[in-house]
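Visitor: can't give you the sequence, but here's the structure:
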């Protein structure tokens, strides 16, 4: 039976995911078999396992840090918001339906047994489980039937480390206030405090640490600095959407639609010198990019109508007519077609006109496609002809089926990676300077991003020999090591190991 330790936070974005990933890496480096766990995650950034099951990307990132293959046992419940008051509910990788917040709150107690079954399977296979909480454990209106914070800690008999974010200010009130709002039994489960995202001279903070320990009755087991590491972050909290990035020699604009999903698809371009990747929400921010990306979305039809209403669709079509490269991924690919139909009411219902960039019709179906795939670009002409034969790997998550019409040609040939399903199929479409694919992570392999940037550079007459990409998986491995080294230096790992051994 694995030892467990839980990372809870005083608020969302306190750094729970990063601390969890760092501890996973440290324990792995120290020779332990370790796995991450989060009972319930709310995110539009999701991932497909080798078994074709869906889970949150945060736990995938943590599994990579632990050096293991991600499984849905690490994230048995995933909530994908469909609007401000409802979500698609995914349990053990399978969609069980859409629920309002109130309906889910009433249904949630029935899920705890599934949560504990998933946790137990992980615990049987590993030496250490690092559990991540969600939001804050002191949300007193949500404590009834809690399955993600103290309720999970009790179920797993896991000691808790509470993380506070000093970068946003008020860290002493965060930590002391959170402890005070908990029941005595819950307070006793907190075995240490972590001050996160510290910048500056720690000696100035030291008196505050002493007072914090006196007021809370809990030891501070570390003051973690603001670490400059590049790992995948939560979609709702990412700083990548700030919109203040300078324009590079090669400029790529991603349309930040309201329900954007899997924006991590485009991270490989961020690693390339001379290339800017900007997220755009208004026509005035679009400027004159060399490539426009339409990303995935949880609500394809509604997000297309949003672009239509705020003028972005017209601006994109004008750029496309002038020869700008347009690339759509998943929902973005669907938007680029001639029509989108929803006879079953999977999304908004009815039929709407697409952007007309690709001769493709999409019909939304009741079943979700969930597959890990590999393959290559094939038969591509135009500006991206250099992609022909280049290998790709990624995954599909979509509810629609797209049919190519006269004038459209497939973009890739892909194969489902699941055992026994080794039959290639055509994916995506291209016409002129418009390209689209259902495959998430399509740019992850080094050569794919490089060939695209080279093609744009040739068109502009720019030397792109220095704009080399990196293998994204290799890059992430180095970042996990940097994260672990930073936490080792600033956390009291000896005390954390003692807390792990002592339990609750």
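Guide: Nice, thanks for sending it over. All values derive from a computational prediction rather than experimental measurement. Numbering: from 1, shown residues only.

Visitor: So residue 296 versus residue 329, what's the distance?
Guide: 6 Å (CB to CB, to the nearest Å). Quick note: C-beta positions are derived from backbone N, CA and C, even for glycine.

Visitor: Kindly report the same for residue 41.
Guide: Relative to residue 329, and taking CB to CB, residue 41 is found at 22 Å.

Visitor: Between these two, which has more neighbouring residues?
Guide: residue 329 (29 against 25; other CB atoms under 10 Å).

Visitor: what pairs with the more buried one across the strands?
Guide: Beta bridges link residue 329 to residue 437, judged by DSSP bridges.

Visitor: residues touching residue 129, list them.
Guide: Taking CB atoms under 8 Å, 6 or more residues apart in numbering, we find residue 129 in contact with 2-5, 34-37, 119, 122-123, 156, 158.

Visitor: can you list residues touching both of residue 296 and residue 329?
Guide: Listed as contacting both residue 296 and residue 329 by CB under 8 Å, 6+ apart are 262, 265, 440.

Visitor: Including neighbour count, pLDDT and secondary structure, could those residues go into JSON lines?
Guide: Converted to JSON lines, the shared contacts of residue 296 and residue 329 look like this (neighbours: other CB atoms under 10 Å; pLDDT from 0 to 100; DSSP: H, G, I helix; E, B strand; the rest coil):
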{"residue": "262", "neighbour count": "25", "pLDDT": "88", "secondary structure": "coil"}
{"residue": "265", "neighbour count": "23", "pLDDT": "93", "secondary structure": "helix"}
{"residue": "440", "neighbour count": "26", "pLDDT": "96", "secondary structure": "strand"}
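
Visitor: Could I get these in CSV, plus columns for distance to residue 49?
Guide: Putting those into CSV (distance: CB to CB, whole Å) gives the following:
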residue, distance to residue 49
262, 15
265, 17
440, 13
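
Visitor: count of neighbours near the closest residue in space to residue 347 that isn't next to it in sequence?
Guide: In space, residue 347 comes closest to residue 301 once its chain neighbours are excluded; the distance is 4.9 Å by CB to CB, 6 or more residues apart in numbering. By other CB under 10 Å, 25 other residues sit near residue 301.

Visitor: longest strand of this protein?
Guide: strand 360-377 (DSSP state E).

Visitor: Name the residues of the helix or strand following that one that are buried.
Guide: Per DSSP states H and E, the first helix or strand lying C-terminal to strand 360-377 is strand 391-404. For strand 391-404, a neighbour-count test (16 or more other CB atoms under 10 Å) marks 392, 393, 394, 395, 396, 397, 398, 399, 400, 402, 404 as buried.

Visitor: Distance from strand 391-404 to the middle of the chain?
Guide: The chain centroid and the centroid of strand 391-404 are separated by 18 Å under CA atoms, centre = their mean, to the nearest Å.

Visitor: What is the nearest of the buried residues of strand 391-404 to residue 168?
Guide: The closest of those to residue 168 turns out to be residue 397 (CB to CB; 32.4 Å).

Visitor: That closest one reaches residue 330, doesn't it?
Guide: Yes - counting by CB atoms under 8 Å, residue 397 does reach residue 330; the two are 7.1 Å apart.

Visitor: Could you name every residue contacting both of these two?
Guide: Counting by CB under 8 Å, 6+ apart, the residues touching both residue 397 and residue 330 are 262, 296, 440.

Visitor: Ramachandran coordinates for the first one?
Guide: Main-chain torsions, residue 262, degrees, to the nearest 10: phi 50, psi 40.

Visitor: What distance do you get for it to residue 313?
Guide: 21 Å.

Visitor: same check, this time on the second one
Guide: Computed with CB to CB, the distance linking residue 296 and residue 313 is 17 Å.

Visitor: If you count surrounding residues, which of the two has more?
Guide: When residue 296 is set against residue 313 and neighbours are counted by other CB under 10 Å, the residue ahead is residue 296, at 27 against 20.

Visitor: The residue nearest to the more buried one when sequence neighbours are not counted: how many residues sit nearby?
Guide: Using CB to CB, 6+ apart and skipping the chain neighbours, the partner closest in space to residue 296 is residue 330 (3.7 Å). Other residues within reach of residue 330 by the criterion other CB under 10 Å amount to 25.
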